[in-house]
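In: the amino acid sequence is not available; the structure is as follows:
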Ligand SMILES: NC(=O)c1ccc[n+]([C@@H]2O[C@H](COP(=O)([O-])OP(=O)(O)OC[C@H]3O[C@@H](n4cnc5c(N)ncnc54)[C@H](O)[C@@H]3O)[C@@H](O)[C@H]2O)c1
Ligand SMILES: O=c1ccn([C@@H]2O[C@H](COP(=O)(O)OP(=O)(O)O[C@H]3O[C@H](CO)[C@H](O)[C@H](O)[C@H]3O)[C@@H](O)[C@H]2O)c(=O)[nH]1
């Protein structure tokens, strides 16, 4: 019988790509999503249960019906700016919601969970590149809402059979190399889709948030990791837990940082057109530089990114952007 996995947030960007990878690895993903920020047509590889992770009765019913062997927990709100203006929304949805999910998992006897954490839990890191032992000192409510879930999972793991892997992604980017899925956030706030839309004439000129950072060219440096590589890491984390692996936290990044100016140059090189842009003030809550040390993912999961060169990221994201606009 096919092993089922409950995928909260499976109608979203990273969750939907992971559902595809799960099917390819022989699992059946059961998406559990409120559709608050996700899209029904991104759920293509297994059934959809429409429900909120904060709704215990609907969760219990889904777990009883599908009897999953594990939970992959993506469901969350993920806008740093929104978390600053409406922190209670983030603690309610991301932290209390995760607690309800953990309690439902314990009641259903589930002992494996993979959690979408983030490099935003490190805040302004004390050292670069960032390894997993770098102190977590988030500088916004979004990062804090996620760090709290990591802490809950560690404590629950020490007191119960529920083991978990917190995957701390750096900047998710790109689209399914076969063109079936891509990035759909509404509103879109991420650099790559906005810059690509600007280059292709599908959106306004890019506003670059700050050129006075303490980086070589003054713009922020980030570690962009292809969504297909993130999906692969989730399947590996699931295998790790199936093999009896203990609760842990693992960075998922490429290990290479790109400044915004370097990203604009890469887009121009790959697409052959410039990115119309202007420089504006800094965006509150943005650390100058975030780059992963991703050795632990290699050692523990055998994970090596295969799609995260900047050319593949830009090319796959641009293919998706064109398709969205029928261009
Ligand atoms: N995109 C990134 O660069 C990035 C980086 C680090 C971590 N993350 C984390 O990865 C996860 C997925 O991110 P994404 O970019 O795919 O986001 P997304 O918004 O595309 O997907 C999130 C999904 O969760 C669903 N959801 C939200 N709250 C819910 C709730 N209470 N109950 C049920 N469903 C709910 C939404 O409807 C959506 O389908 C999130 O937890 C996010 O914090 C994302
Ligand atoms: O229109 C834009 C959008 C972004 N940026 C800059 O581009 C860089 C990347 O910004 P993104 O919004 O694409 O991503 P973040 O680095 O803010 O990512 C943060 O938010 C994500 C959630 O959406 C993840 O959780 C991630 O771990 C967390 O660091 C930042 O310096 C940002 O200021 C611009 O200059 N102009």
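Out: Thanks, I have it. Computed from a predicted structure; not experimentally measured. Residues are numbered from 1 along each chain as shown. Ligands and ions are numbered 1, 2, ... in the order given.
In: and the helices in the stretch 101-250 of the chain?
Out: Remark: helices assigned in the stretch 101-250 of the chain by DSSP state H, counting those that start in this stretch are 141-159, 191-199, 227-242.
In: which parts of the stretch 51-200 of the chain sit against ligand 2?
Out: Where the stretch 51-200 of the chain comes near ligand 2, counting by Cβ under 6 Å from any ligand atom, the residues are 78, 80, 118, 119, 120, 169, 171, 189, 190, 191, 194. Where C-beta positions appear, they are placed from N, C-alpha and C, glycine not excepted.
In: what's the ChimeraX line that selects buried ones from these?
Out: Selecting only the buried entries of these in ChimeraX, with 16 or more other Cβ atoms under 10 Å as the criterion:
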select :78,80,118,119,120,169,171,190,191,194
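In: contacting ligand 1 as well, which ones from the residues of the stretch 51-200 of the chain next to ligand 2?
Out: 78, 118, 169, 171.
In: measure residue 170 to residue 200 for me?
Out: Residue 170 sits 25 Å away from residue 200, going by Cβ to Cβ, to the nearest Å.
In: rewinding a little: now render the ones next to ligand 1 among the residues of the stretch 51-200 of the chain next to ligand 2 as a markdown table, adding pLDDT.
Out: Listed next are these as a markdown table, based on pLDDT from 0 to 100:
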| residue | pLDDT |
| --- | --- |
| 78 | 96 |
| 118 | 98 |
| 169 | 98 |
| 171 | 98 |
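In: is it true that residue 212 touches residue 218?
Out: Yes. If you go by Cβ atoms under 8 Å, residue 212 and residue 218 touch, sitting 5.5 Å apart.
In: those two - which one has more neighbours?
Out: Counted by other Cβ atoms under 10 Å, residue 212 and residue 218 do not tie: residue 218 has more neighbours, with 16 against 11.
In: what does the chain have sitting close to ligand 1?
Out: Checking the chain against ligand 1 by Cβ under 6 Å from any ligand atom, the hits are 8-9, 11-15, 33-38, 52-54, 74-78, 93, 97, 116, 118, 169, 171-172, 185.
In: in this structure, which residue sits closest to ligand 2?
Out: Nearest to ligand 2 in the chain, going by Cβ to the nearest ligand atom, is residue 220, at a distance of 3.1 Å.
In: isn't there a strand covering residue 49?
Out: Yes. Counting by DSSP: H, G, I helix; E, B strand; the rest coil, residue 49 is located in a strand.
In: before we move on, the earlier item: adding distance to residue 251, write the ones next to ligand 1 among the residues of the stretch 51-200 of the chain next to ligand 2 out as a markdown table.
Out: Shown next, in a markdown table, are those (distance: Cβ to Cβ, whole Å):
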| residue | distance to residue 251 |
| --- | --- |
| 78 | 17 |
| 118 | 10 |
| 169 | 8 |
| 171 | 12 |
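In: from the residues you listed, which is closest to residue 242?
Out: residue 169 (21.4 Å; Cβ to Cβ).
In: now do the contacts for that closest one.
Out: Counting by Cβ atoms under 8 Å, 6 or more residues apart in numbering, residue 169 makes contact with 14, 116, 117, 118, 119, 225, 230, 252, 253.
In: and stretch 186-199, average pLDDT?
Out: For stretch 186-199, the mean pLDDT works out to 96.
In: buried sites along it?
Out: 190, 191, 192, 193, 194, 195, 196, 197, 198, 199.
In: so which elements touch the lowest-mean-pLDDT helix or strand in the chain?
Out: None of the helices or strands of the chain scores lower by mean pLDDT, DSSP states H and E than helix 80-85, at a mean of 92. Judged by 3 or more Cβ pairs under 8 Å, 6 or more residues apart in numbering; DSSP states H and E, helix 80-85 is in contact with helix 87-90, helix 141-159.
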